[in-house]
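In: based on what follows, work out the 3D shape:
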Amino acid sequence: MSLMPERTLPDTELVPYSVALCTYNGARFIEQQLQSIADQHLKPDEVVICDDGSTDHTLKLIDKFSQDNPYLNIRLFRNSENLGYIANFEQAIKLCRNEYIFLSDQDDIWVPEKAAVQLSYMLAPNTLLSFSNAARISDRSKPLSPDLWSCVNFNVVRQHQLCNGHSLEVLSRHNVVTGATVAFRRDFSLASMPFPKCYPHDAWLALNAALQNGLVCIDRQLIQYRQHDMNTLGAHYISPLQKVWRALWKPRDKFPKDFYQRLEIFSQLIEDKRFPVDFREKLNVVLRFQTFRLAVIEQRIPPYEGLKEVLKWSRHGLYFSHGAGWRSILTDVLQLIRSMPYRVIARCNSGKKEK
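Out: Prediction:
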């Protein structure tokens, strides 16, 4: 599902675009990624590569590929110190010269029509950032199931919401935009800088595009998104049955890293007057709900008080709009019940010490 009908680009139409690619010890896959960019039906005007201090053969492989494919116009920059992936992508974007910029990881594979298809969406006047679905592959290039959007729970309902003016609400639940699938306008990206140090650049750009009603999703698998042990971020699938099993028998003592990142960035966005008042008010409610869930996981809330809060947030629909519905309710209720014996023991021990 997409926000607008796809525009077909004639073979003779040249739309200059840049690729911003960041590398760090990517020797194992960088040649495949560069070859897939070189094989695009619509070639890039430049490929800006920022290397973040690789100690393997990444730089040598890039140099050789550049010599063998001079038409690709690879511009390689070597960082004097490790910046980290967020600051490195910010730097790479700034170095790009064209109006349209595609982000690229070092280990994926673009399908040959990716650039042409995605540019057909980017040329619409209101589009600031577009992102697509992706097939998933292993480190040996074997197909993995399901696709990327299934892994990030970007289902048909949320696609419909995003395409019909509710993209901020979708993103307030969790980020569904994967940077390796993204293209955007250069002026828009520069206006969104500096990128927050605590929040992934792709999620930040998506929020800013959604703020301006310029976020577009493309329901096509335009890259093969590689999963391996060295992924900075990944998209690993957990089946509904596995999730229920975890809720029942394997309670967690913390949330995924992106949960804490969202709490921090939401705290900042509530004070950001660029965002509509009604959205900031909704975000404040979401922040209170997520802070409550964090207190449950960390056993910082009395069980009986916590069960009342679960009932309250359930009635308000937050467990369904910003959680996993009944599964999240079950998880929190069981966590609160499990914490009861420990609190009783803690009270008894405290009483003994006072005597």
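In: what sits against the spatially closest residue to Asp107 that is not a sequence neighbour?
Out: In this structure, Asp107 finds its nearest non-sequential neighbour in Phe29, 3.9 Å apart by CB to CB, 6 or more residues apart in numbering. All C-beta atoms are positioned from the backbone trio N, CA, C, and that covers glycine. Neighbouring residues of Phe29 by CB atoms under 8 Å, 6 or more residues apart in numbering: 106-108, 226.
In: let's see 10 Å
Out: By CB atoms under 10 Å, 6 or more residues apart in numbering, the contact set of Phe29 is 23, 58, 61, 105-109, 139, 141, 226, 228, 230.
In: try Arg186
Out: Contacts of Arg186 were listed using CB under 10 Å, 6+ apart, and they are 17-18, 20, 93-94, 96-101.
In: put together JSON lines for the contacts of Phe29, with distance to Ser328, neighbour count and pLDDT on each row.
Out: Output for the contacts of Phe29, formatted as JSON lines (distance: CB to CB, whole Å; neighbours: other CB atoms under 10 Å; pLDDT from 0 to 100):
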{"residue": "Thr23", "distance to Ser328": "38", "neighbour count": "28", "pLDDT": "98"}
{"residue": "Thr58", "distance to Ser328": "41", "neighbour count": "23", "pLDDT": "98"}
{"residue": "Leu61", "distance to Ser328": "45", "neighbour count": "19", "pLDDT": "98"}
{"residue": "Asp105", "distance to Ser328": "31", "neighbour count": "24", "pLDDT": "97"}
{"residue": "Gln106", "distance to Ser328": "35", "neighbour count": "26", "pLDDT": "97"}
{"residue": "Asp107", "distance to Ser328": "32", "neighbour count": "23", "pLDDT": "96"}
{"residue": "Asp108", "distance to Ser328": "31", "neighbour count": "21", "pLDDT": "97"}
{"residue": "Ile109", "distance to Ser328": "35", "neighbour count": "20", "pLDDT": "98"}
{"residue": "Asp139", "distance to Ser328": "32", "neighbour count": "14", "pLDDT": "92"}
{"residue": "Ser141", "distance to Ser328": "35", "neighbour count": "11", "pLDDT": "93"}
{"residue": "Arg226", "distance to Ser328": "30", "neighbour count": "27", "pLDDT": "96"}
{"residue": "His228", "distance to Ser328": "30", "neighbour count": "13", "pLDDT": "62"}
{"residue": "Met230", "distance to Ser328": "31", "neighbour count": "14", "pLDDT": "58"}
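In: Leu330: which of those is nearest?
Out: Nearest to Leu330 among the contacts of Phe29 is His228, at 32.7 Å by CB to CB.
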